[in-house]
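In: Pasting the sequence and the predicted coordinates here, then a few questions.
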Amino acid sequence: MSPKKRQTRRPAARSQPGRTATRRPARPLPQGEAFFTAGATGARAAVERRSATPLLYLHQMPRWVMPVLLAALMLAGLAARGPVGALALTLVAAFLGWLGYLSWPSLTPGKRAIRLITTVALLGLAVVQLVRF
């Protein structure tokens, strides 16, 4: 007798009337020639390489998740006093700073200034919340 090969695929789900598939199709990647900054070396290349996986994960999430999460953290940071509020605002500032760093080479000087001012202002608010303990 010959041993049977083990089936590696899952059987197809049976469709039931009135039910739709629970898995949504993946969003296509943004248009562009390259995912990384051309000619980047050192720290920028390392940050871009390590950021690729989280960015793809964030891209596959529903579009409403990150704005809602950032708004919730911002409101919590402004409402809560002490270390809790400071931590929430610092998380928002870190996320915006990370995205600002990744997009920095393609930004105009005006957009760079806005991103920098926003991140510094959030960190300043975090310090204010920390001393309001």
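Out: On my side now, so go ahead. Residues are numbered from 1 along each chain as shown.
In: Tell me where the protein is predicted with low confidence.
Out: 1-25, 27, 29-35 (pLDDT under 70).
In: what are the ranges of the helices in it?
Out: 42-60, 65-79, 83-103, 109-131 (DSSP state H).
In: so what secondary structure elements neighbour the shortest one?
Out: In this case it means helix 65-79. On a contact count with 3 or more C-beta pairs under 8 Å, 6 or more residues apart in numbering; DSSP states H and E, helix 65-79 meets helix 83-103, helix 109-131. No exception for glycine: its C-beta is placed from N, CA and C like everyone else's.
In: So which of those helices is the most surrounded?
Out: Stretch with highest mean neighbour count among the helices and strands packed on helix 65-79: helix 83-103 (a mean of 18; mean count of other C-beta atoms under 10 Å).
In: who touches that helix?
Out: Helix 83-103 is contacted by residues 47-48, 51, 55, 70, 73-74, 76-80, 112, 115-116, 118-119, 122-123, 125-127, 129-130, 132-133 when judged by C-beta atoms under 8 Å, 6 or more residues apart in numbering.
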